[in-house]
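Asker: following is a predicted model, sequence given first.
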Amino acid sequence: MRYIDLHTHSTASDGTYTPSELVRYASEKELAAIALTDHDTLDGVAEAKAAGEKYGVRVIAGAEFSTVYEKISLHIVGLFLPENSKRISERLEYMKNARLTRNEKMLANLREEGIEITMEELKENFPDRIISRAHIAQLMQKKGCVGSKNEAFDRYIGDKCKAYVEKESLTPEETVGLIKEAGGVSVWAHPLLCKLSDKNTEKMAERLKTYGLDAIEAYYPTHKPADTKYIKTIAQKYGLGLSGGSDFHGSIKPGLDLGTGYGDLAVPYEVLENIENKLKK
């Protein structure tokens, strides 16, 4: 059986593998296809596709969008996104600029806590990347400000911590509409990470379906078999397709591997075929 991974990240956002390295690794792992779904950007897709031709791995153009609905943070993955969509490019550029503003505010907050990190240092240490909290945490550890990346999040830049700044986000409705307008497929990523009750998870799935959501991520590395079964039940109830992937970031998420997650993830190729059939309809 052939396997795939429809949720991956590269150095184009907050991963540690370049798009080419990611695809080469997918080839080593004998994956038939991967989707590059970097945060709020398509910048790595062209490189990944070129590598896909070289290594014999099918590469799907994607992106992971951060959205907020009534203070609930949820992520929407767009698959089969056209790289030349003006609307998507404009929105991604807007989100990139919003991320830069947020980073500057967090750095200012860190300075108030006695931690001196500049944007110039971040760019020097992480060239050609969209700077995120993960990069700030890495630099804090490198400079000896904290003992680990986890400590950086727990004490300073994690949600509701001293230096944290709320991220500007799109709405789920706007994001799903944007993906649909571009001819792509929209997926509710890692729904259980929203930490909603069962009742509210179903309500959210129903609401997203009214917006035009196409699929839900049933296969995810932190899912137990019962979790996957539960998400599949929701998908069937609301007429949603299934998707899945490792959410691979490289060394930023130790122990989490491409394709296999924490060891027992396996997304069959038919998941991609079913998504494509939904796209054709």
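Answerer: Happy to help now that I have it.

Asker: can you give me the helices for the stretch 101-250 of the chain?
Answerer: In the stretch 101-250 of the chain, helices defined by DSSP state H, counting those that start in this stretch lie at 119-125, 133-142, 149-152, 172-181, 198-211, 225-238, listed in chain order.

Asker: can you tell which of these is closest to D14?
Answerer: Across those, D14 has its closest neighbour in helix 133-142 (4.4 Å, C-beta to C-beta). Using the backbone N, CA and C atoms, a C-beta is placed for each residue, glycine as well.

Asker: give the rounded mean pLDDT of the closest one.
Answerer: In this model, helix 133-142 carries a mean pLDDT of 93.

Asker: equivalent analysis for stretch 146-159, please.
Answerer: Stretch 146-159 comes out at a mean pLDDT of 94.

Asker: so how far is it from its chain's centroid?
Answerer: Stretch 146-159 has its C-alpha centroid displaced from the chain centroid by 20 Å (C-alpha atoms, centre = their mean, to the nearest Å).

Asker: who touches that stretch?
Answerer: Residues from elsewhere that reach stretch 146-159 (C-beta atoms under 8 Å, 6 or more residues apart in numbering): 106, 110, 113, 115, 133-134, 136-138, 140-141, 145, 161-164, 252.

Asker: apply 6 Å and report the result again.
Answerer: If you take C-beta atoms under 6 Å, 6 or more residues apart in numbering as the criterion, stretch 146-159 is touched by 133, 136-137, 140-141, 162-164.

Asker: with adjacent residues omitted, what lies nearest to M1?
Answerer: P268 (6.0 Å; C-beta to C-beta, 6 or more residues apart in numbering).

Asker: same question but for I72, I mixed them up
Answerer: C194 (6.0 Å).

Asker: next, count neighbours for that neighbour.
Answerer: Look at C194: counted by other C-beta atoms under 10 Å, it has 16 neighbours.

Asker: and the pLDDT at it?
Answerer: On the pLDDT scale, C194 is placed at 94.

Asker: if I look at it, how far off is K71?
Answerer: Noted for C194: a distance of 11 Å to K71, by C-beta to C-beta, to the nearest Å.

Asker: try N97
Answerer: Counting by C-beta to C-beta, the gap from N97 to K71 is 23 Å.

Asker: so between those two, which is more surrounded?
Answerer: Shown here are N97 and K71; by other C-beta under 10 Å, N97 has more neighbours (11 against 6).

Asker: that one should be in a helix, yeah?
Answerer: Yes: assessed with DSSP: H, G, I helix; E, B strand; the rest coil, N97 lies in a helix.

Asker: just the C-alpha atoms of stretch 136-155, please, in PDB.
Answerer: The C-alpha coordinates for stretch 136-155 follow below in PDB (Å, rounded to 0.1, in the frame of the first residue of the first chain):
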ATOM      1  CA  ILE A 136      12.300  33.400  18.700                       C
ATOM      2  CA  ALA A 137      12.300  30.500  21.200                       C
ATOM      3  CA  GLN A 138      15.300  28.900  19.400                       C
ATOM      4  CA  LEU A 139      17.300  32.100  19.500                       C
ATOM      5  CA  MET A 140      16.400  32.700  23.200                       C
ATOM      6  CA  GLN A 141      17.800  29.200  23.900                       C
ATOM      7  CA  LYS A 142      20.900  29.800  21.800                       C
ATOM      8  CA  LYS A 143      21.600  33.100  23.700                       C
ATOM      9  CA  GLY A 144      21.200  31.400  27.000                       C
ATOM     10  CA  CYS A 145      18.100  33.400  28.000                       C
ATOM     11  CA  VAL A 146      16.200  30.100  28.600                       C
ATOM     12  CA  GLY A 147      17.300  26.500  29.000                       C
ATOM     13  CA  SER A 148      15.000  25.200  26.300                       C
ATOM     14  CA  LYS A 149      12.400  26.200  23.700                       C
ATOM     15  CA  ASN A 150       9.700  24.900  25.900                       C
ATOM     16  CA  GLU A 151      10.800  27.200  28.700                       C
ATOM     17  CA  ALA A 152      10.700  30.100  26.300                       C
ATOM     18  CA  PHE A 153       7.000  29.300  25.600                       C
ATOM     19  CA  ASP A 154       6.100  28.400  29.100                       C
ATOM     20  CA  ARG A 155       7.600  31.600  30.700                       C
END
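
Asker: just checking the distance from that stretch to the centre of its chain.
Answerer: With C-alpha atoms, centre = their mean as the basis, stretch 136-155 stands 22 Å off its chain's centre.

Asker: okay, buried residues for it please.
Answerer: Residues of stretch 136-155 classed as buried: 136-141, 145-146, 149, 152-153 (neighbour count, 16 or more other C-beta atoms under 10 Å).
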